[in-house]
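> sequence and predicted structure below; questions after.
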Amino acid sequence: MTVKVFPDRQELGRQAGDDLAAELRRRLSSQDLVRVVFASAPSQRETLERLKVAKGIDWRRVTAFHMDEYVGLPAGAPQRFAEWLKATLFDHVPLGRSHLLDPGVTPDQYAELLAAAPIDVVVLGIGVNGHLAFNDPPDADLDDPRPVRLVELALASRQQQVDDGCFDRLEDVPTQAVTLTVPRLLDAARMFCVVPGAAKADAVRAAVQDPIGPACPATALRRHADCTLYLDKESSAHVR
């Protein structure tokens, strides 16, 4: 895993967005289509805002997915990850296709969409408890045979949504979600992991230094042959 550290989250977002744009341009120069899975969280905002103004990307040849979604929120609810992604990126670029985890789409149906062709790029973060997507410790299965599954959300993951300003109260955060599994995420050719902020410092240290295992699902990123971890001064504070 390549680790890059920047002075602040703004510079982190600029550099990660520029690197991601360069990767899309490179792949589009030799492929008819590029398929990308995006995380949806405030930690990704600066990167995606940089990406959406990047030049030279033929978005008409990009197919976009997202990696997790709450169960129990109505379609169109502003807290839904699909709505966040649309407002932040998808509604601002002429995507060829976007496949969103809508309430009526089952895990098996979404898995079929993902399996139609290889995933080229995954853009993701790390949760405060070390989760990847909504694969929470200590129950995350790093070798899960399922590509997409229904999960019960850990309290730490639900509290993070309140702390990030996505919900007003813990009791408003759904208790279940549909998520891509760790092996499905790692099956992408290239991974960009964007993790700003002091709240993630302990999880980043564990991801980089602890034994690979379900106690910190993000340790599984070290199994990937081409993953870059983008940190700022705060999130990298505990990394030796």
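Structure received.

> below-threshold pLDDT in this protein: ranges please.
Along the chain, segments meeting pLDDT under 70 span 103.

> restricting to C-alpha, output the helix ranked longest in it in CSV.
Counting residues, the longest helix in the chain under DSSP state H turns out to be helix 9-28. Once non-C-alpha atoms are left out, helix 9-28 reads as follows in CSV (Å, rounded to 0.1, in the frame of the first residue of the first chain):
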residue,chain,number,x,y,z
ARG,A,9,-7.6,17.9,3.8
GLN,A,10,-7.9,20.6,1.1
GLU,A,11,-4.5,19.7,-0.4
LEU,A,12,-5.3,16.0,0.1
GLY,A,13,-8.5,16.4,-1.8
ARG,A,14,-6.8,18.3,-4.6
GLN,A,15,-4.1,15.7,-5.0
ALA,A,16,-6.3,12.7,-4.7
GLY,A,17,-8.8,14.2,-7.2
ASP,A,18,-6.0,15.0,-9.7
ASP,A,19,-4.6,11.5,-9.4
LEU,A,20,-8.0,9.9,-9.8
ALA,A,21,-8.7,12.1,-12.9
ALA,A,22,-5.3,11.0,-14.3
GLU,A,23,-6.2,7.4,-13.8
LEU,A,24,-9.6,7.7,-15.5
ARG,A,25,-8.0,9.5,-18.5
ARG,A,26,-5.3,6.8,-18.7
ARG,A,27,-7.8,4.0,-18.7
LEU,A,28,-10.1,5.7,-21.1
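
> against which helices or strands is that helix packed?
Taking 3 or more Cβ pairs under 8 Å, 6 or more residues apart in numbering; DSSP states H and E as contact, the helices and strands that helix 9-28 lies on are strand 2-6, strand 34-38, helix 45-52, strand 121-124, strand 190-195, strand 227-232. (Each C-beta comes from the backbone N, C-alpha and C, glycine too.)

> any chance of these in a markdown table with mean neighbour count and distance to L150 as columns?
Listed next are these as a markdown table, based on neighbours: other Cβ atoms under 10 Å; distance: least, Cβ to Cβ, whole Å:
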| stretch | mean neighbour count | distance to L150 |
| --- | --- | --- |
| strand 2-6 | 14 | 33 |
| strand 34-38 | 25 | 18 |
| helix 45-52 | 21 | 26 |
| strand 121-124 | 25 | 19 |
| strand 190-195 | 24 | 24 |
| strand 227-232 | 23 | 26 |
